[in-house]
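Colleague: Test case, fold it:
(chains A, B, C and D)
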There are 2 protein chains.
Amino acid sequence: MEEKNNTISSKTYDLIKKDIIFGKLKPASKLKLDNLKNNYNASLSTIRETLNRLSSEGFVKAEEQRGFFVNSFTKGDLIEIANLRILLECHAIKLSIDNGDTNWEGNIVAARHKLHLLEKEMQKDYKKFKEEWKKYDLEFHLALVSNCRSSNLLDLHTILYDKYIRYQMAVKEYRGKESEEEHKKIFEAALNRNSKEASETLETHILKELEHTLKIFNN
Amino acid sequence: MEEKNNTISSKTYDLIKKDIIFGKLKPASKLKLDNLKNNYNASLSTIRETLNRLSSEGFVKAEEQRGFFVNSFTKGDLIEIANLRILLECHAIKLSIDNGDTNWEGNIVAARHKLHLLEKEMQKDYKKFKEEWKKYDLEFHLALVSNCRSSNLLDLHTILYDKYIRYQMAVKEYRGKESEEEHKKIFEAALNRNSKEASETLETHILKELEHTLKIFNN
DNA sequence: AAATGATATAATTTTGAAAATATATGATAT
DNA sequence: ATATCATATATTTTCAAAATTATATCATTT
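Modeller: Here you go, the predicted model:
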C-alpha cells in the first residue's frame, strides 16, 4: 500500500536533493554522471532522471550536451528567491489562517513545540543540529500554511523554501534568539487568527533571515 | 553556438508538452511508455526523462511502479491555478511597470500588435488559429512582466500560464470582444505606467477567463 | 610563442534488452 | 455466482553498452 519512494529513482532523487541543499554537492560544481552513478549506486539513466527533475525545480542547471551543474550561488538569485518565498508564503498564511480549524491549530502547536526543542539544541551546537533543525523549521512553516486549500500553492512553496534554505544552510553562524522570537510572534498571531499580523511578521522574519544569509557573499 | 533543443530529449519534451497543453494527449489518460516511444520516436529512457520533467512541472502525474498519467482536469485545480497565476502575474506586472524602459515599451507595443492580428483571425476561425493565438497571447503577457527583474518569478509564471491555458484550450468557444477589450485596457495601463490599474485590470481579465473556462465542467 | 588543426580521450546522449513489478486471465473452492 | 489463488501477460524500472558530442593533448605552421 506504500505509495512513495519504492524506486531507486525516487530514493536517489531525495539523496541528491538533500546533498545539494546541505552543500555536500557544492554550488556550481559539475555533476559528472559517472561519479554520481558510483556515489549513489544507480545506473546512468536513473541518475539522469533525477537530474532532470532537479533541473525542473531549479536546483540543478542542465546545459545540453555539456552536462549538469549544481546551481550557483548568486546574490541576485538569493534575493529573488527570498522575495518569491515572501509572496507565496505570506499569501498562503493569510488564506490558511482564514480557513483555520481545530486540527490545523493542533498541528501548529505541535510543530512549534518541536521546532522550539531544536532551537535550544541549535544554541549549543549549530553544525550538529542544522539538518534536524531544517526539518522542523520546514514542518513549522508548512503547518502554518497547510490550510490554504491550494495544493498547487503548497507544492510551489515547499520548493521555494528548499531553494531558500540551501543558501541559509551555507551560513556559518546561527541567528539565534532573534529568529526564535520571530517564530514565536508568528505562532501567536496565527493562534489569534490575526492573518494580517501573521503575514507581516512572517515577511519581517524572512527579510531578516535574508539579511543574515547575505553574509555568505562577504569575503 | 546554439544552446537549446539539440537533443532528442528536449525536442521530445517540447512535443509532449505541446500535445498535453492542446489536448492531443487527453487529461487523465495513461501515458504508456511503449506507445510514446513509438509515437515520438525516442527510446524508453529518453521518454522517461521528459516525463520526469513534465511531472515536476505538474503536467503529468507519476505513480510509482504504475506509470505516468496526464494530469486530470478538476474544477478545484483550475481555480487554484488561476488564482496562483493572478498572484504571480499581478505581482510581476507591477514590478515590471515600475522598472519600465524604452525597450520594454517597444516590446509591449509589438507583442500587442501581433496579438491583435491573431484576435481578428480567432473571430473568423477559432479552432484553426487557437494554437497560434496561444503563442501570441503568451508573448503579450510575457512582454508585460518581462521587466520584473526576477528570472525565478518569470520562469514560475510561464509554467503557471501554461498550466492555466491547457484548461482554456479545452473550451469550445472563443470569448471574443470582451477578452480583446481587457487586453487593450491592460496594454494602455502599462504604457501609462499605471501599475496599480494594470494589475487590477489583469486580475479582472484572468478572473473572467476563469469564469469562461469553468464551462468545461458544465455537461 | 601563439594559433591552428588533427588526434586521442572523456563525457554525455541514446539505445535495446534484462530485471522487477503490476495487471489480466483463468482455474478452483466456497 | 463470488472470492481466492496461481499463472501468464503487459508494463514499468533498471542496467550496460553503443553512438554521439565535447574536451584535452599534441604536433605543425605562422
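Colleague: Work out which residue lies at the spatial centre of chain A.
Modeller: residue A:162 (2.6 Å; C-alpha atoms, centre = their mean).
Colleague: residues contacting the residue nearest to it when sequence neighbours are not counted?
Modeller: Using C-beta to C-beta, 6 or more residues apart in numbering or on different chains and skipping residues adjacent in sequence, the residue nearest residue A:162 is residue A:21, 6.0 Å away. Where C-beta positions appear, they are placed from N, C-alpha and C, glycine not excepted. By C-beta atoms under 8 Å, 6 or more residues apart in numbering or on different chains, the residues touching residue A:21 are A:59, A:134, A:162, A:165, A:166, A:169.
Colleague: one more time with 10 Å, if that's ok
Modeller: A:59, A:131, A:134, A:162, A:163, A:165, A:166, A:167, A:168, A:169, A:170 (C-beta atoms under 10 Å, 6 or more residues apart in numbering or on different chains).
Colleague: That one and residue A:67, how far apart?
Modeller: Distance of residue A:21 to residue A:67, given as C-beta to C-beta, to the nearest Å: 21 Å.
Colleague: what does residue A:42 give?
Modeller: 17 Å.
Colleague: coming back round to it: hmm, the residue nearest to the centre of chain A is touching residue A:17, no?
Modeller: Yes. The pair residue A:162 and residue A:17 qualifies as a contact (C-beta atoms under 10 Å) at a distance of 7.6 Å.
Colleague: between the two, what contacts are shared?
Modeller: A:57, A:59.
Colleague: tell me the contacts of the residue nearest to residue A:112 when sequence neighbours are not counted?
Modeller: Nearest residue to residue A:112 in three dimensions, chain neighbours excluded: residue A:187, at 4.9 Å (C-beta to C-beta, 6+ apart). By C-beta under 10 Å, 6+ apart, residue A:187 lies in contact with A:108, A:109, A:111, A:112, A:113, A:115, A:116, A:140, A:143, A:144, A:198, A:201.
Colleague: Does residue A:187 lie in a helix or a strand, and which?
Modeller: helix A:177-191 (DSSP states H and E).
Colleague: Give the buried residues for that helix.
Modeller: Buried residues in helix A:177-191, counted by 16 or more other C-beta atoms under 10 Å in any protein chain shown: A:179, A:180, A:182, A:183, A:185, A:186, A:187, A:189, A:190.
Colleague: before we move on, what about stretch A:191-207?
Modeller: Under 16+ other C-beta under 10 Å, the buried positions of stretch A:191-207 are A:195, A:197, A:198, A:199, A:201, A:202, A:203, A:205, A:206.
Colleague: what about it, average pLDDT?
Modeller: Per-region confidence: stretch A:191-207 scores 98 on mean pLDDT.
Colleague: can you pull out the helices in chain A?
Modeller: Secondary structure of chain A (DSSP state H): helices located at A:8-21, A:33-40, A:44-57, A:75-98, A:102-124, A:126-145, A:151-168, A:177-191, A:195-213.
Colleague: closest to DNA strand C out of those helices?
Modeller: Nearest of those to DNA strand C, taken as C-beta to the nearest atom of the strand: helix A:33-40 at 3.5 Å.
Colleague: ok, residues contacting the closest one?
Modeller: Taking C-beta under 10 Å, 6+ apart as the rule, helix A:33-40 contacts A:8, A:11-13, A:15-16, A:19, A:25, A:32, A:42-48, A:50-51, A:67-68.
Colleague: hmm, 6 Å instead?
Modeller: Residues outside helix A:33-40 that contact it (C-beta atoms under 6 Å, 6 or more residues apart in numbering or on different chains): A:12, A:15, A:44, A:47.
Colleague: for the first one, what are its contacts?
Modeller: Remark: with contacts taken as C-beta under 6 Å, 6+ apart, residue A:12 is in contact with A:40, A:42, A:50.
Colleague: Now do the last one against residue B:72, distance only.
Modeller: According to C-beta to C-beta, residue A:50 stands 25 Å off from residue B:72.
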